[in-house]
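Colleague: the following block contains a protein sequence and its predicted model.
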Amino acid sequence: MSQRTSSLTRRQALTAAGAAAGGGLLLGRTPVAALFGADPAQAASCASLTPEMTIGPYFVEEQLNRSDITTDQATGSALAGTPLALTLRLVDEDDGCAPVAGAWVDVWHAAPSGKYSDEQVEGTSGVTWLRGYQVSDAAGSVAFKTIWPGWYRGRTVHIHVRVRTFDAAGRATYDFTSQLFFDDALTDEVFAAAPYAARGTRDTRNAADDIYNGGGSSTRLQPTRSGDGWAASFTFGLSGVPSTGAATTTPATSDDTTVAARLLGLSWKRSVRGVRLLDLRLRTREATTVEVRLLRGSRTLERRGRRALQAGTHTLRLPLGSGLHAGRATVRVVVRDGAGNRVAISRIVQLPARAR
């Protein structure tokens, strides 16, 4: 990672912006160009903290270092679909939005048929299209040649993204997952043509997708036409990236690659003394440790430290301090299992008003 020589001034600027906005940067991708004076290009690339989302189906540790993910590695045949050129950039929110270089960035998504590759349950074992990773360059960027994702029952159209750094032994030192979404009208336009039209009308749009409603509006791509397809870019604002740099060694492999946990719901209560309480219902199917944070932008408002949980359904309670203003915030639940896997679940919530 880059040296932390210029982060203080930028942090002060971000803090000032948060105060002016009523307690924090707006959620989502919020340019802060006005704050950095003579360096508008750098400022325009700075985004507020990107929400983490469930890793979802179907991550496979293929270790396919490639930019063009449209092909099957074994046959070399390309999957038909509307071309999509995807550029992703990583910036470190804790280091004044400095580029994050040397990170593994995996992407994977459904085909126009609605299926994921290399999954027995999908009947695609041994096939590797629409999967791959790139290592971020000095500018924190990676680029992928892919196609517009397909849909499957119960989910809106999306792309999975996983960002990791590793130590020399291949152990993950940072692991972030999220999902990218599309404007429904653009997807309708793409799906009106082959090969997507053969599947018929999709059953879930953005507004009906639970994961999209947990912060997807802030990770929605804005594609533009490019040749016979589309091009899109997105800047990920990350926090907690190791400052010692990222090793690009091969990650240690394991049959256990996911965390069996699900956030069932959120609800607000007030104590007899009027303290605002956020209750989170979490179900786990294995022993885990859980950490809960309440965020505005990249600023932590409240935090509940790691707590060990056994398999089962649990209620986690997060009290809010009296100094916190009402308004939008992000709840992030980070769950880790004994195999070293990690999943972060984010939801946008509306903080209720303080008691008077």
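Modeller: Perfect, thanks for sending it.

Colleague: next, residue 265: phi, psi?
Modeller: Residue 265 has phi and psi values of phi 180, psi 170 when expressed as degrees, to the nearest 10.

Colleague: distance of it relative to residue 327?
Modeller: With the distance defined as Cβ to Cβ, to the nearest Å, residue 265 ends up 21 Å from residue 327. Every residue, glycine included, has its C-beta placed from N, CA and C.

Colleague: more neighbours: which of those two?
Modeller: For the pair residue 265 and residue 327, the greater number of neighbours falls to residue 327 (16 against 10), based on other Cβ atoms under 10 Å.

Colleague: the more buried one is in contact with residue 350, isn't it?
Modeller: Yes: judged on Cβ atoms under 8 Å, residue 327 makes contact with residue 350 at a distance of 7.1 Å.

Colleague: residues near the closest residue in space to residue 239 that isn't next to it in sequence, how many?
Modeller: Computed as Cβ to Cβ, 6 or more residues apart in numbering, the closest residue to residue 239 that is not its neighbour in sequence is residue 93, at 4.8 Å. Taking other Cβ under 10 Å as the neighbour definition, residue 93 ends up with a count of 27.

Colleague: try the one 4 residues further on
Modeller: Other residues near residue 97 come to 25 when the count uses other Cβ under 10 Å.

Colleague: which phi and psi does it have?
Modeller: phi 60, psi 30.

Colleague: where's it relative to residue 202, distance?
Modeller: Residue 97 is 36 Å from residue 202, where distance means Cβ to Cβ.

Colleague: likewise for residue 52?
Modeller: Using Cβ to Cβ, residue 52 is found at 25 Å from residue 202.

Colleague: compare neighbour counts for the two and give me the winner.
Modeller: Shown here are residue 52 and residue 202; by other Cβ under 10 Å, residue 52 has more neighbours (25 against 19).

Colleague: residue 116: what's it in contact with?
Modeller: Applying Cβ atoms under 8 Å, 6 or more residues apart in numbering, we find residue 116 in contact with 57-58, 108-110, 122, 124, 130.

Colleague: gap between it and residue 102?
Modeller: If you measure residue 116 against residue 102 using Cβ to Cβ, the figure is 28 Å.

Colleague: re earlier: which one of the contacts of residue 116 is nearest to residue 66?
Modeller: Taking Cβ to Cβ as the measure, residue 66 sits nearest to residue 130 out of those, at 11.4 Å.

Colleague: returning to what we had before: check the residue nearest to residue 239 and give its pLDDT.
Modeller: For residue 93, the pLDDT comes out at 84.

Colleague: and for the one 5 residues further on?
Modeller: According to the prediction, residue 98 has pLDDT 91.

Colleague: just give the number of residues close to it.
Modeller: For residue 98, the count of nearby residues is 23 (other Cβ under 10 Å).

Colleague: give me the beta-bridge partners of it?
Modeller: Applying DSSP bridges to residue 98 yields these beta-bridge partners: residue 92.

Colleague: one more: the one 10 residues further on?
Modeller: In this structure, residue 108 bridges to residue 131, residue 160 when assessed by DSSP bridges.
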